[in-house]
Structures are given as C-alpha cells and as structure tokens.
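A.B. asks: Need a 3D model of the following:
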Amino acid sequence: MKFRTLPSQLATACLAVTSAAAALASEAPAANLVAQAAAADAGQSRLASGEALEEIIVTAQKRSERMLEVPLSVSVLDTDELASTGNVQLKDYFSQIPGFSIAARGSGRMALILRGIATESAGNPTVGVTIDNAPFGSSVSTAPTVPDIDPFDLDHIEVLRGPQGTLYGASSIGGLVKFVTVRPDTQQFSSRAELTSSSLSHGGVGYGARAAANMPVNDDFALRISGFHRYDAGYIVNVVGQRPEEESNDLKVSGGRIAALWSISDAVTLQTSAFLQDSAGGGTADVDVDFNYVPVYGDYRHQRAPGTDGYDGSLRFYDATLKADLGWGNFESTSAFGQYRLRGPQDATGTFRGLINAIFGIPGAGAAVDNNSDFDQFSQEFRLTSPDDGRAFQWLYGLFYQDSDQELFQRIRVIDPNTGAALGAPALFTGRTPSTYKEYAGFANIDYYFTPRFDVQVGGRAFKNEQDFQSVRSGPLAGATTFAAGDSSETSFTYQVTPRFKISDEMNVYARVASGYRPGGANATLGGAVIPPKYDSDTTVNYELGFKGEFFDQSLTLESALYYIDWKDIQILKIDQSTGSNYFDNGGTARSQGAEVSAQWTSAAGLLVRGSLSYNDAELTEDLDSGTGFKGDRLPFSSEKSGSVTVQQSFPAFGQLSAFVGATGSYVGERQAAFGRTPTTPRFVLPGYGTVDLRTGLRGDDWGVTLYARNVADKMGFANAQARNATTGISAYGVSLIQPRTIGLSLDKSW
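C.D. replies: This is a model prediction of the structure:
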C-alpha cells in the first residue's frame, strides 16, 4: 500500500472542497452562520431505541470545542478509565492511540513518537508536551523531559497528530500530547477516593491510593486538593546483588495538586495551581537479548551492578491563568514555571571494562555512568480570542515567551560490578553541559465561515530563539580538562491552512496543510574531527485529508485521516570516532505517509464498541550523510500497522447496581531500532506483539469496583531497543519489556 501521490491528491481535495463551498455561498448571509449551524445541531433528536455517546469537549485549538468539530486528527483518553484499569504510565496505554509509539529508554527517560517522525530514542524531541496550555520540557535536549503524569487528577489526555507549530510552537513537528487537569468548581462540594491493588506474573504485588476534594469557599472561590501514592511492583530480576531473586524494577510514585479558582468579577477569573510528582525506580525493565531474541541472562532477568539501574525523578509545575471577558473579545494570560530533576545511573561495564584495565590496570572492574539532568522553564503566553457569539469571522492572536535553563551532568565511575562499590580509581570521564534557551513568538489563527457549511482556517507563527551552550570535560577519556562554548540564534515561521466543508449537520470533511519546526542549536563539543559549531532547525510539512462524522443520532462516531509528511534537514545525533563525543548535524530527508481511522459505537442495550487502526509508512528519502541510514530505510520505533479494539457490555445487576464486562485487544507491529551509530552497526528489529486486557465490575450511584487483567496471555513485548555490550562480552541489545500479565482490583467512592 503506497501513497506516492498523496500530496497532490490532497491538494485536489482542497480544491474540490472550495468549489463545493462556492456553490453553497448563497445559502445564507455571512453573519451569524456559526450560530445557525450550532442551532441545527442542537435540534437533533435521539433515537428512541439508541443511546447517544457522551459529547467530548477538547481544547486542541486553545478554545473549548466539540472534538468532532476540530479540523485536525485528535485522540482523547478517559483518565478515569485508565486509572481504574491500572493503565497509569504512558507505556501502558500508548498502543490505544493511532499513530503513537514510544521509545522507553529506562532510567526515567522516554521519547514520544507520532506518525513515525523520529530518528533516535535520544536527541531533541519531535513531540511537544503541555500541561493545560503551558509547555513542559526542553525543546533542545538529549535527555527528553517527558512528564509521565499519574492520570487520577487529570480531566483527560489529548493527543494531537501532525505538526502543531502554529498554536503550540517549537518541537511539535510530529504532534503534541496535552495533559488537561481538572478545574475547581465554585458551585458544589465533591470528593473522590480510590484504592487499587495488583499482582504481576514474574513479579510482586503493587498498590495505590488516591483522593481528591473540591471545596467551594463561597460562590466566587473554590479549592481543589488531590494526592496519590502508588507502588508499581517489579518483574525484572537482577542476577547480581545481595538479594538476586527479588524484582529490581519496582517503582514508587507520589504526588499531589492544589488548585484555586477565584471569580474576581462576572467577567474576570483567576486560576492557580501547583502540581508535584516524585518517582523512585529501583531499576529498568530492560533485559539483554541477542539478534535472535534469546535473553543473555534468562527470561525477565538482567545483570546490572547494584545501584546503577534505578532512577529518581522530581517534577514541579506551577501555573496561573487569568481570563477576562472584554465584551468584544476574550483575554487570557497563562504563566507557568516547571522543574524536572532526574538522576538515572546506568551500568556500562560491557563498554568500558577493557578501557579501565588498559588505563588503570584493574582487571574485571565495572563502570557506572551517572546521568543527571536539571531543568527549569518559565513560559508566558497572552491570547486574545473572538467571542463565542456565532460570528462568521473568528480570530485568535497571541504572544509567547519561554526561558529555559538546563544542565546535564555525566560521570563514568570505576566500580566493583558485583557490589557497586567504588574501587578508588578516579573518574574515567566527567562532563557538565549547562545551556539556556529563550524563545519569542507571535501567532495568529483566523477562521472565516463563507457559508454555514464551509469555512477556512489560516494560521501562522513567527519565532525567534536564542541559545547558549557550554561544555566542561575532564578525565582520561577527555584528555586534559577542557572547556568549550557555543551560542546560536535563528528565526522561523510556521503556518497552517485548513478548509473545512460540512457535508451535513453531523458530518464534515477537512483538508489541512500545516508545518512544524524544531530548533537548531550549538555544538559545544571538544576536539576530534571537523564538527560543525552549529546545526540548523529541521521542518515538517503535513498534508492531511480528514473526515469526522456522527451517525444514527450520535450513537456512532467515525474519524479518519490520510496524511503525507515531508521532513527536511533532519537533525542527526552523530558520534566523533576520535573522541567519542556526541554532536548534532543536519542531513537527509524523510517522509511519513499513512492512514488512521477510529470509531466508537454505543447502543441502548449498553454495548460499547471502540476501535482504531493505523497504517504508517515512514522512511528516509535520502541517505543520511552519517552513513548510518540509507534511502528507503524505515524510520525507527514506529509500527507500519497497529490498532486496538474495545468491547464492553453494561447491564442491570440487582437493585440500583449496574454491571459491566469488557475486553481490549491491542496490536503493535514490527518496528526497527535507531539507525546505527556507525555505518557497520546493524539495526535491531523489534518484533510485533499483541495484548488482550479483560475487566469486569459493578457500579452504584457513588461507588464502583473494577476487577481487571492486563496482558492476559503474558506476551513479552519490546518497548525499546538500544545497542549495548553485555558483561559476558556478547554484543547484545538492551530491550525494554512491557508489563507482563497483571491482575488488579480497583475500588472508588465519591461524595
């Protein structure tokens, strides 16, 4: 299945949509067209024998809209459902989202990938992350700062596919993940508590406790307070250490949020919040396998020096949003400050054992790599939007500023591989790389309704960023203590054009052309071969044709999209063979093309069916000048075919109680690991896998119980793969395993 002519097909579709709209231009005057269309929607009746799906409201375009009215590809995840069925980490539920994949590198590091736009599991991010409307995470970092937020106090999660450069800015060339929090309510008191417990095959027992309360102080002021603690049991055994049969990759996560909403007047509101989350992982879910997928140390076992495989992560996020109704428009100011601290040591004995013996004369020694990342980010955004009064011309204008500071620290220590204790030798290498990133942007998005059925959105964003980068290195691998510095600045412009045609009050088709931009930067790398002092931004342009519709009086929804993404000036993470230094460069082009479809149907008899399918063909269209990737090679970590289906039946039980039983099947297709670090390094293929989850439960008016089983067939799927040398001397790949069969119970109570 190929889409070589897809861009021209989409352009033809755009013209067809525009021509059809012109034929309808005389149907109604331009004024108040949106209100007319909304009134028609409101007048729809329900089937006497059917049950309508709950309307989903999203903020993908920075204003509240029905998801089926948003002219871009969006998925929404129900966070209550995720929490009650034990899907509490991104790697638990990514397979339910069309076109979404992850590369879980372990030690708290993870890369997000949408529609195949990636070249590595490390490197500058291609998928943006926001908490509400504020960005979180560095736009330029080899240590991605992805907040894996517990879903309990989230209203929902939105995943926007395709470049989102106009409204969300830099480093969203593949798409965006948006965590939307629960807003305080000034009208009534409410509270909710949840207890969970789970048992893992090949592992131990986990548990969790969550609670939240919404407390109106008066008609104008409310507080919302929530907290949680979670223990996720491990399922990987470390074959070295004092207790070799105890699972090492357990995870403790604790956090909380406090939010306040103040209605200063009928026209002005202020919402503030503070969110914190601390994570402590005892080890990674990685095991070493050879190219035939045979585990080096046995199933669900790895060999890591004690103290080298866990991580500690600390997330802090504070924000304040001021909204004012000006009559002629709406003003919104969002100020946010985020912090992320990560300490993630790794065992690198297989890589450095020979060097340690050669330099220090210590045979059999081990190596531990300390990987520390400190990240601080302040952002400020001002927006003016047109009032929601049904006018034919709608607009949004904004200004944005971001100031980020990051410091990466790396040290290679000489240790005893059996105990993790230091052996007294100096560090093999120590490196510190502080950097700053500032961005200034102005953006606009306008939408004009030519008729009640046809409108065109046009948007643009102008950027400027400034960066400073330093590198201080010492130790035998660096030679003498050395210092290097670099700086860069650049400007860019992204855009989007989206005509939309309303086939009927329940169906619409859109065509979208949108671009994205990932900042370049400075290379502060030392010595060795000729290394460019700077690297440029890379860009994507997405051509998309989509359909969204409701059928059978809103009991069935259907969304589909065809897309083609052109990726130019790809940023490549290279290695200088003479010094071992990493640096960035631009080289090569790629394209990603494919199709996505999702649907949901519910009946009056209580049957829910939900499913999605994704086809993605992402490959290089030019050789990488690093010599590690060639035209026609598939881009890493994305499945050509993936999908999921959920079937759930609800029915009366006894008294006022209802019961449900359901199943979810997911399939993740074959993927390829990152391009080799050298031209002779082979690429590892991650085999496809399928999982089945089951659940059943009871619900009363204000309580519920859910019994679930995840991965009931106990499939061993790989979430990532990266080259490493096992301590046995075998050339292997470290693969991150998905969670094995898990049986869990969730109890929740509301007041």
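
A.B. asks: now the stretch 151-300 of the chain, which segments are flagged as low pLDDT?
C.D. replies: Scanning the stretch 151-300 of the chain for pLDDT under 70 picks out 241-245.

A.B. asks: moving C-terminal of the lowest-mean-pLDDT helix or strand in the chain, what's the next helix or strand?
C.D. replies: Using mean pLDDT, DSSP states H and E, the weakest-scoring helix or strand in the chain turns out to be helix 33-42, at a mean of 36. Next along the chain after helix 33-42, taking DSSP states H and E as the criterion, comes strand 57-58.

A.B. asks: Show the average pLDDT along that following strand.
C.D. replies: The average pLDDT within strand 57-58 is 87.

A.B. asks: Can you list the helices and strands that that strand packs against?
C.D. replies: Secondary-structure packing of strand 57-58 (3 or more CB pairs under 8 Å, 6 or more residues apart in numbering; DSSP states H and E): strand 65-66. Using the backbone N, CA and C atoms, a C-beta is placed for each residue, glycine as well.

A.B. asks: Distance from the chain centre to the strand it packs on, please.
C.D. replies: On the basis of CA atoms, centre = their mean, to the nearest Å, strand 65-66 sits 22 Å off its chain's mean C-alpha point.

A.B. asks: Check which element follows it along the chain.
C.D. replies: strand 74-77.

A.B. asks: With just CA atoms, put the helix or strand Ala260 falls within into PDB.
C.D. replies: Secondary structure from DSSP H and E places Ala260 in strand 251-263. Written as PDB, here are the backbone C-alpha positions of strand 251-263 (Å, rounded to 0.1, in the frame of the first residue of the first chain):
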ATOM      1  CA  LEU A 251       8.500   2.000  41.100                       C
ATOM      2  CA  LYS A 252       7.200   4.300  43.800                       C
ATOM      3  CA  VAL A 253       5.300   7.400  42.700                       C
ATOM      4  CA  SER A 254       3.800  10.000  45.000                       C
ATOM      5  CA  GLY A 255       2.400  13.400  44.300                       C
ATOM      6  CA  GLY A 256      -0.400  15.900  44.700                       C
ATOM      7  CA  ARG A 257      -2.000  19.000  43.300                       C
ATOM      8  CA  ILE A 258      -3.700  22.100  44.800                       C
ATOM      9  CA  ALA A 259      -5.700  24.400  42.500                       C
ATOM     10  CA  ALA A 260      -7.700  27.500  43.300                       C
ATOM     11  CA  LEU A 261     -10.300  29.300  41.200                       C
ATOM     12  CA  TRP A 262     -11.300  32.900  42.000                       C
ATOM     13  CA  SER A 263     -14.100  34.600  40.200                       C
END
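
A.B. asks: for that strand, packing partners?
C.D. replies: strand 221-232, strand 268-281.

A.B. asks: Could you list the residues in contact with it?
C.D. replies: 150, 153, 181-186, 219-232, 234, 269-282, 315 (CB atoms under 8 Å, 6 or more residues apart in numbering).

A.B. asks: Quick check: PyMOL command selecting the buried ones in those residues.
C.D. replies: Filtering the contacts of strand 251-263 down to the buried ones (16 or more other CB atoms under 10 Å) takes a single PyMOL command:
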select buried, resi 150+153+181+182+184+186+221+222+224+225+226+227+228+229+230+231+232+234+269+270+271+272+273+275+276+277+278+279+280+281+282+315
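
A.B. asks: Figure out how far whichever strand or helix holds Tyr207 is from the centre of its chain.
C.D. replies: Assigned by DSSP H and E, Tyr207 belongs to strand 205-218. Distance, stretch centre to chain centre, for strand 205-218: 25 Å (CA atoms, centre = their mean).

A.B. asks: what residue ranges in the stretch 1-150 of the chain are flagged as low confidence?
C.D. replies: In the stretch 1-150 of the chain, residues with pLDDT under 70: 1-54, 106-108, 141-145.

A.B. asks: Do a quick rundown of the strands in it.
C.D. replies: 57-58, 65-66, 74-77, 100-106, 109-114, 127-131, 134-135 (DSSP state E, counting those that start in this stretch).

A.B. asks: OK, contacts around the residue nearest to Gly313 when sequence neighbours are not counted?
C.D. replies: Among residues not flanking Gly313 along the chain, Ser279 sits closest, at 4.2 Å (CB to CB, 6 or more residues apart in numbering). If you count contacts by CB under 8 Å, 6+ apart, Ser279 has them with Gly108, Asp148, Leu251, Lys252, Val253, Tyr311, Asp312, Gly313, Ser314, Leu315.

A.B. asks: Quick check: the last one vs Gly137, distance?
C.D. replies: Using CB to CB, to the nearest Å, we find Leu315 at a distance of 10 Å from Gly137.

A.B. asks: any common contacting residues for the two?
C.D. replies: By CB under 8 Å, 6+ apart, the residues touching both Leu315 and Gly137 are Pro147, Gly338, Tyr340.

A.B. asks: The second one touches Thr130, doesn't it?
C.D. replies: No - shown here, Gly338 and Thr130 do not form a contact pair, counting by CB atoms under 8 Å, at 10.4 Å.

A.B. asks: can you count the residues close to Val712?
C.D. replies: As a burial measure, Val712 scores 16 neighbours (other CB atoms under 10 Å).

A.B. asks: meant to ask about Gly655, not that
C.D. replies: A count of nearby residues for Gly655, using other CB under 10 Å, gives 7.

A.B. asks: Doesn't it belong to a helix?
C.D. replies: No - with DSSP: H, G, I helix; E, B strand; the rest coil as the criterion, Gly655 is coil rather than part of a helix.

A.B. asks: Next one: it, what pLDDT does it get?
C.D. replies: With respect to pLDDT, Gly655 scores 82.

A.B. asks: quick revisit: please indicate which of the contacts of Ser279 are buried?
C.D. replies: By 16+ other CB under 10 Å, the contacts of Ser279 give Gly108, Asp148, Leu251, Val253, Tyr311, Asp312, Gly313, Ser314, Leu315 as buried.

A.B. asks: so, if you compare those residues, which one comes nearest to Gly549?
C.D. replies: Asp148 (33.8 Å; CB to CB).

A.B. asks: before we move on, back to that, what's the closest of the helices and strands packed on strand 251-263 to Arg741?
C.D. replies: strand 221-232 (14.5 Å).

A.B. asks: who does the closest one touch, helix- and strand-wise?
C.D. replies: Partner elements for strand 221-232 (3+ CB pairs under 8 Å, 6+ apart): strand 205-218, strand 251-263.
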